[in-house]
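**Q** give me a model of this one.
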Amino acid sequence: MPLYWRLPFMLVVVLTSLAFTFSQRPALYIIGDSTVRNTNDSFMGWGTAIQSLFDTTRIDLRNQAMAGRSTRTFVKEGRWSAVSSQLKPGDYVMMQFGHNEGSKPDTTRGGYRGVLRGIGEETKELIWPDGTPETVHTYGWYIRQFIRDTKSKGATPIVLSMIPRNSWKEGMIVRADQDFGLWASQVAEQEGAYFIDLNKITADRYQKMGPDKVKQLFPTDHTHTNSKGALINAESVMKGLKKQKQIGLHSFLK
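**A** Below is the predicted model:
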């Protein structure tokens, strides 16, 4: 076979090999709200900042978090099913929710994102103005579904507690260890999923920094950090991963 005939064939072989290698790389999916995914320098999510800490030639990072979403709306809008349908054995899913779940669940604009508190099986039945029914569950119920769906695909679920807000009380950073952070931990333990206490790791760092320095990380409000704050939260995630090497993600760090 002449060389000029073999070249196209060889090119196809190389490209096919590269495509196969790419498809076999594990993927890390990240789901959550705006504290996880925002790209503005003064309004950045840690899921955006964390990409610079991974070797993306060996693992795909897919930040599927969306601003304004709660566990309930992430499911209701089909965002979770879109992620779940792509999962394959060897993939990972990091989930961090809690900032948008606090309102009373109802059919008003304010109640669109709200969930029932806790981790139980309680439900609330809603009928929307167009006649569409909806069953609202607890925060823990939604996290539990994410975990179970992830495991069913052969992927690894990793639950994270929500990042702390710039809220202080009597000189102490306010933590989420009595509500959403606690519930995330409880469900992860019940379901045998990995848990990273992102709230505690970052809160401990904020406490050492003090209110004045921490305030500089929140130029817009008390919930969303700038790029420096996003990197701090991303480093907190890394710290959690390095402490739990059995997860396996630490091996993909730069």
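**Q** for the rest of this, base every contact and every neighbour count on C-alpha atoms.
**A** OK.
**Q** now the nearest residue to Phe74 once chain neighbours are set aside: how far from Ala65?
**A** Nearest non-adjacent residue to Phe74, counting by C-alpha to C-alpha, 6 or more residues apart in numbering: Trp80, 5.9 Å away. Going from Trp80 to Ala65 by C-alpha to C-alpha, to the nearest Å gives 10 Å.
**Q** could you list the buried residues of stretch 142-150?
**A** Going by neighbour count (16 or more other C-alpha atoms under 10 Å), the buried part of stretch 142-150 is 142-144, 146-150.
**Q** point out where the stretch 1-150 of the chain drops to low pLDDT.
**A** 1-23 (pLDDT under 70).
**Q** and the strands in it, which stretches?
**A** 27-32, 39-40, 43-44, 60-63, 92-96, 124-127, 133-136 (DSSP state E, counting those that start in this stretch).
**Q** would you turn those into a markdown table with distance to Ile201 and mean neighbour count?
**A** Listed next are those as a markdown table, based on distance: least, C-alpha to C-alpha, whole Å; neighbours: other C-alpha atoms under 10 Å:
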| stretch | distance to Ile201 | mean neighbour count |
| --- | --- | --- |
| strand 27-32 | 18 | 24 |
| strand 39-40 | 23 | 14 |
| strand 43-44 | 19 | 23 |
| strand 60-63 | 21 | 18 |
| strand 92-96 | 14 | 24 |
| strand 124-127 | 34 | 13 |
| strand 133-136 | 31 | 14 |
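**Q** which one of these lies nearest to Glu189?
**A** strand 92-96 (14.5 Å; C-alpha to C-alpha).
**Q** who has more neighbours out of Trp80 and Ala65?
**A** Ala65 (27 against 20; other C-alpha atoms under 10 Å).
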